[in-house]
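Asks: Next input, structure requested:
(chains A and B)
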Amino acid sequence: MSHYESPIRKPLVTGDKSYHDVTLDVVRPVEGKANKSWWVVFSIALIAFLWGLGCIIYTVSEGIGVWGLNKTVGWAWDITNFVWWVGIGHAGTLISAVLLLFRQKWRMAINRSAEAMTIFSVIQAGLFPIIHMGRPWLAFWVLPIPNQFGSLWVNFNSPLLWDVFAISTYLSVSLVFWWTGLLPDFAMIRDRAVKPFQKHIYGILSFGWSGRAKDWQRFEEVSLVLAGLATPLVLSVHTIVSFDFATSVIPGWHTTIFPPYFVAGAVFSGFAMVNTLLIIMRKVSSLENYITIQHIELMNIVIMITGSIVGVAYITELFMAWYSGVEYEQYAFLNRATGPYWWAYWAMMTCNVFSPQFMWFPRLRRSIMFSFFISIVVNIGMWFERFVIIVTSLHRDYMPSAWTMFSPTFVDIGIFIGTIGFFFVLFLLYARTFPVIAQAEVKSILKSSGEKYKKIRAEKGEDAKLYDEPEQEPLPDFSAQFNSKSNS
Amino acid sequence: MSSEKKYWKSAEQLKENSPLVEALEQKEFAEHIPADEFLGDKEKLEGSQTSRRDFLKYVGFSTAAASLAACEGPVIKSIPYVVQPERIVPGVADYYATTIANGFDFASVLVKTREGRPIKIEKNKEATGLSAGKARVYGSVLDLYDIKRLQNPQIENRDVTWTEFFASLESDLKAKADKKTYLLTQTFASPSTDKLIKEFQENYPNVVHLVYDTVSDEAAVDAFAAKYGYRALPNYDFSKSEMIVSVGADFLADWQGGAFDSGYSKSRVPKNGKMSRHVQFEANMTLTGANADKRVSVKPSLQKQIVVEVYNQIVGKVATTNLNSALKNQVDSVVSSLKSKASGGAVFVTGLDSVEAQAMALEINEKLSSRALDTENPRLIRQGQNSKIQTLISDMKAGNVGALMIAGANPAYSLPNADEFTAAMANVDTTVSFSMKKDETAKLCKYIAATPHYLESWGDVRFTKKDFSLMQPTIKPLFNTRQFEDCLLKLNGNSAKYYEYIKANFKSTYEGLSWNKSLHDGSYVFDMDLPKTSDVPAIDIPAGAKKLVSQSDSEGLELTLYTKVSMGDGSYANNPWLQEMPDPITRTSWDNYVTVSQSDAQALGLENSNVANGALNGDYVTVTLGDKKLEKLPVIIQPGQAPGSIGIALGYGKTEAIQEEMQVGVNAFPLYQNFDAHQTVRLEKVSGVHEFACVQLQHTMMGRRDIVKETTLEIFNTKDKHYWNATPEVSLNHQEVEVTSPEVDLWDEFDRSIGHHFNLSIDLNACTGCGACVIACHSENNVPVVGKSEIRKSRDMHWLRIDRYYSSEDTIQGDYELKNDISGLNSAIDTYGDLENASEGDLQVIFQPVMCQHCNHAPCETVCPVAASAHGRQGQNHMTYNRCVGTRYCANNCPYKVRRFNWFLYNQNDEFDYHMNNDLGRMVLNPDVTVRSRGVMEKCSMCIQMTQKTILDAKREGRVIEDGEFKTACSSACDNGAILFGDINDKESVVYKKTQDDRMYHLLEYLGTKPNVMYQTKVRNTTEA
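Replies: Predicted coordinates:
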């Protein structure tokens, strides 16, 4: 590790931290006691989760009829929530895998939590395909397992089956990748633990990490391999989710632009959720020196770019509907923008296309409050995007005689709130028991993150002159040579 | 159970003072059990140990034992036949020909019975009389299994035996011999019943027989009697007509007994470039008007003028009319069309309840020498003399009536002055009701004779002068019931059974006919004279015409009362199939309502609105007619309703002997003053909104020509198919090719070379939208009833629905053109906005039955993760219920939206307390079709149980299946030949020829789903001629 520090690089860790400081900062929430506000938030999340669980039990015992669905709109909040949660999950994989491959070191402060978010949101997402079934107790029938029903097999043509594979692969790869990264950090907690119970648990969790050079070498290798595995998943999972719609015949679903559009949208919403979570976490867990304004700014830039991609996709859809000359397509998009669900469409447009454009202004994208606000807005917008795609396409499709509307029941709403509760229950537990920053990795960049210049900045402010321009020697006069050459 | 029984334990007990018995009384066990020693020794007890393992074993055992004890397998009691009936083979259906004749519906039917249970009413194809093709007739089988039926005769609300019943009744009747005894009955149209009543009158000379029709056609009967001398209704065969003009006659529904639609449809299918032209003048939007080539909405007062005007121009001037010029022009053109069919191809009918108007219609038809009008074989199915009811009431009031016997009628519900009637009933000591249910009338009667359903009864019916039909029981009476005729026999002191009576009657009357054959066939033809009626006053047409013309605009709105094809006169009110059947026009189920025109609604501030889940709401009004007031009737704004007029359906608002779920609507009979369907009423908006259960919330087709193709007769005759029924094309290598051609197909074709390949053809010209197929499908396929609140949530379970579209412009063609003229975004927004709303002026209506299209390239099949939706060799798209996990992906991806999801458990669930929730009602279920559980998708199966049966029967008999043998419930239910089913691998079959027809198209063909259901383009005869 070179100790040369580039003067133009902004520091990734501020606050003049030593290795030990990093350890203490990361381990503080784990070793300390939860404060009152944690308990308050945790209780709210738990109540929401239990309420959602009650609604799920009610659904399974009574039938899907307790939701607001009907003969025309067969999916609504269930699949909207599914796609929304899967999309949120995308940022974690992108941060930890793609940015690892691209050697983006700023990811180190946020990848742990981003990936935790991925796993927790994929768990929420995975609930919906199961509970939306009319007979969820037979959900295992979607798995291609040998059975006693003769040669009965799953239908490999069905995008819903591809979903099963995509989501389960995604969850397992993400989980392994996350855990691999956690091993040295669990080991650190284990080594510091004084209570035998804690030591025991963290001992198990760290899989016997010893810190030998061989461990580190394997760790690096496995991380790289898993990053290589996870990177295509970033693209494939949401591509496959988009196939649920793209391979159908319903106007508004049957669109070839869906795979890239969904992936961009997923990254968009995922980064927004990372921003939401980390802006709170850096404050609550005093991690401002690790999750800096610069991190937030970089994520805002990603949000801005992916938001714009999504915006282009929306406009492309409208263009294609017009250009196709197919009246059903044209009507489907006209109906989205001007039909009975116009408000959902324009909520989506406002939240997803217009609001990220504020991030062009450096002042705004460095504002913590504003970033937090936009991150919430973006996630609302992305929920509406899925609602718009699913419900407004279905509610008025080919046969006008079947046109109707959808309105959620308390159970629809309860289950959605329940998953948010469940997500936060998991995340809050994680925040108090897991090392929320990949401290082993962060320590590796401590010395290369501009220690010297941090100090200059600290003394003289952000715009301080960090280095002197080297004086340039005048060039020798070649004219004589040139002239003589031409003459000869 | 407290019982005084003594249980012997041993012979020792016989001995007195046996020490052993005494000892046993003290101690429970003969041997000593050392419990005291064990429990008493505290030290030992404390010393004994239960190890943790043992403890867990005990806990485990007791938990398992307790939970096992709680589980009890359901016990299904089935009793084998002690003596196997000869004819009943388990699993094989028996068919019996019989007849429905309930006073409102008359038809020859074929009853399918399984294991002795009637489960389905079918059309009796060989019958000569009235055909069954009506939703109500098909639905009537469910009334047999109605839990609200009376199970025993009652005297003063107390179940009694028939012996006691008759003993008491006879003594009562004899005691009242000095006063009049009124016998108030429905129209039986039964020679034997009539004879029996006569005999009854001979035995009891004080008996006055009064026939009462709930919905009266007395005017038409009187007009016919005045002209032709018989109390009967004229018969019409619309298949013989080229020009049909109807002024307010809803002849495709219940006008004069109905069942005119099959003849009508025959004339509506273009053949050799010709089809009939139908012009309808009417106030309500009716089924008939919806099928007309030209519909003119005019309120009843103007209809009267039109009848007079047509009479003026065809027969001779009788009165001066004051029609406005636009209407006058229309009448003129209609008259010239009528006159131009000199060969008798024209027919004129009217629905006005006026003797003069009916007489004028008969004169007009005579003048036109109409072939459609049949006066030789008149209908006898309406014989009511409702005008005489008032004498009955005044007699009752005056105390002249000693006994009132009511059979097959429910005057306390259906009389306009029911209050007066029920009040007068208090003056009658002996009141008898012969009724299947304890309805509004029976409830007030001292005696209720529980009668059987027609499927448990004997009878003979004379539909028309020549057409007779026999009624035979298809099941042993379920309850302790006795049919009216058997009761009369008993009262007449005749010990014969009614079966013997009609048989004897048959043998003595119809010479040369075989009883067995006639009973087997269900119907027979016999030309026998009708009794002439002499006491009919002559009709003064000029005076009547002046009266009709003079009834000018009065204050208020002109009401036309009508009956729905689902509910009829209300006797089916406890039938959940029929309650849930959407009205063909409004597509609203579980309700009656006031239909008002857009302009009147605006004037009165009435609105229809849709709530967040799309469900329809409507304002309430109070309808006032004189001193009668109907409170809180909901309003539906009806496109095509003549301004200044309203419509209300009869047959709703029943409350007695009816399940709470089915107590819907408001009884409109109080408005049926003088048994005239046309009244002038006042409407007043009242507060509150009504929640409708409407299954179709978008009323127009949005100009989508891929859904219903329509053209005019002129274009059809003169232009190439590609002009009016082009197959959509796609570009392949810059060449336009038809979407149906294999080279643009994404999928491989199925191998159809072996076996059958079923196709279904629906002729939009022949379909009148009556909905008979919907109920037949319900009955065949055990389709669940979900109730009003679920229908309101757009969760109807109908496998087969009949979509009804209004035009947004004056014509459907206008819609197509309007949509084609869209250019630019603003124009698109405006035009689509316009197209969403039905026309407020003249409009056209189109019906389209839609069931699963059984696509060869089905979008539902590819998306099911568990392959529960799969393709069959014979062209069906199969739905494997027990494989379905219920993702609903297939329903979403179905472009036709025909898949239906079981949102809840619809059978044996108290939340859905319809016929599938009680043992009696479940008897109607078809054992060949699975009752679906909750959480699975279901849809039309093309009645695979029926096609398989046909195949297996032919296989067993070792023969080739003939064309026409393959049937579905809908195709065999359709009276009009609109639905045809068959095997297209048989190139001689009718359905194969349909695939080659120029009019053939597939629904949403451009999608390339290649359905096995096809439609025949609708052709409208718009030529003014």
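Asks: residues from the stretch 851-1000 of chain B in reach of chain A?
Replies: Neighbours of chain A within the stretch 851-1000 of chain B, by Cβ under 8 Å from any Cβ of the partner chain: B:859, B:862-867, B:883-889, B:891-893, B:895-897, B:899-905, B:933-937. Just so you know, the C-beta spots here come from the backbone N, C-alpha and C atoms, and that holds for glycine as well.
Asks: mind listing the strands for the stretch 151-300 of chain A?
Replies: For the stretch 151-300 of chain A, applying DSSP state E, counting those that start in this stretch gives no strands.
Asks: Actually, the stretch 1-150 of chain B.
Replies: Assigned by DSSP E, counting those that start in this stretch, the strands in the stretch 1-150 of chain B fall at B:93-101, B:106-114, B:117-123.
Asks: Tell me which of those strands is the most buried.
Replies: Most buried of the strands of the stretch 1-150 of chain B, by mean neighbour count (mean count of other Cβ atoms under 10 Å in any protein chain shown): strand B:106-114, with a mean of 25.
Asks: Mean confidence (pLDDT) on the strand or helix carrying residue B:278, please.
Replies: In this assignment (DSSP states H and E), residue B:278 forms part of strand B:277-282. Strand B:277-282 shows a mean pLDDT of 93.
Asks: Then stretch B:561-572?
Replies: 91.
Asks: distance between the ends of that stretch?
Replies: In stretch B:561-572, first residue to last residue: 18 Å (Cα to Cα, to the nearest Å).
Asks: May I see the buried residues of it?
Replies: B:561-572 (16 or more other Cβ atoms under 10 Å in any protein chain shown).
Asks: I'd like the strands of the stretch 1-150 of chain B laid out as CSV, including mean pLDDT.
Replies: Below are the strands of the stretch 1-150 of chain B laid out as CSV (pLDDT from 0 to 100):
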stretch, mean pLDDT
strand B:93-101, 92
strand B:106-114, 93
strand B:117-123, 93
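Asks: Of those, which is nearest residue B:509?
Replies: strand B:93-101 (16.9 Å; Cβ to Cβ).
Asks: List the neighbours of stretch B:878-885 that are in contact with it.
Replies: Stretch B:878-885 is contacted by residues A:133-136, A:138-139, A:141-142, A:152, B:864-872, B:930, B:932-933, B:935-939, B:941, B:944 when judged by Cβ atoms under 8 Å, 6 or more residues apart in numbering or on different chains.
Asks: list the contacts for residue 175?
Replies: I'll assume chain A. Residue A:175 neighbours (Cβ under 8 Å, 6+ apart): residue A:119.
Asks: Oops, wrong one, chain B.
Replies: residue B:402.
Asks: how much space between it and chain A?
Replies: According to Cβ to the nearest Cβ, to the nearest Å, residue B:175 stands 59 Å off from chain A.
Asks: That residue and residue A:28, how far apart?
Replies: Using Cβ to Cβ, to the nearest Å, residue B:175 is found at 104 Å from residue A:28.
Asks: can you tell me which of the residues of the stretch 851-1000 of chain B next to chain A are in strands?
Replies: B:900-901, B:937 (DSSP state E).
Asks: so which of those residues comes closest to residue B:704?
Replies: When those are compared for distance to residue B:704 (Cβ to Cβ), residue B:900 wins out at 22.6 Å.
Asks: give me every residue that touches the closest one.
Replies: Neighbouring residues of residue B:900 by Cβ under 8 Å, 6+ apart: A:71, B:796-799, B:891, B:937-939.
Asks: which residues does it bridge with?
Replies: residue B:938 (DSSP bridges).
Asks: Would you confirm that residue B:575 contacts residue B:142?
Replies: Yes: taking contacts as Cβ atoms under 8 Å, residue B:575 lies within contact range of residue B:142: 5.2 Å.
Asks: still on that earlier bit, tabulate the contacts of residue B:900 (TSV), appending pLDDT and distance to residue A:157.
Replies: Formatted as TSV, the contacts of residue B:900 follow (pLDDT from 0 to 100; distance: Cβ to Cβ, whole Å):
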residue	pLDDT	distance to residue A:157
A:71	94	24
B:796	93	30
B:797	94	28
B:798	94	29
B:799	95	25
B:891	94	17
B:937	95	17
B:938	95	22
B:939	94	19
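Asks: re earlier: show me how to select, in ChimeraX, the buried members of the contacts of stretch B:878-885.
Replies: Of the contacts of stretch B:878-885, the buried ones go into a single ChimeraX selection, burial set by 16+ other Cβ under 10 Å:
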select /A:133,134,135,136,138,139,141,142 /B:864,865,866,867,868,869,870,871,872,930,932,933,935,936,937,938,939,941,944
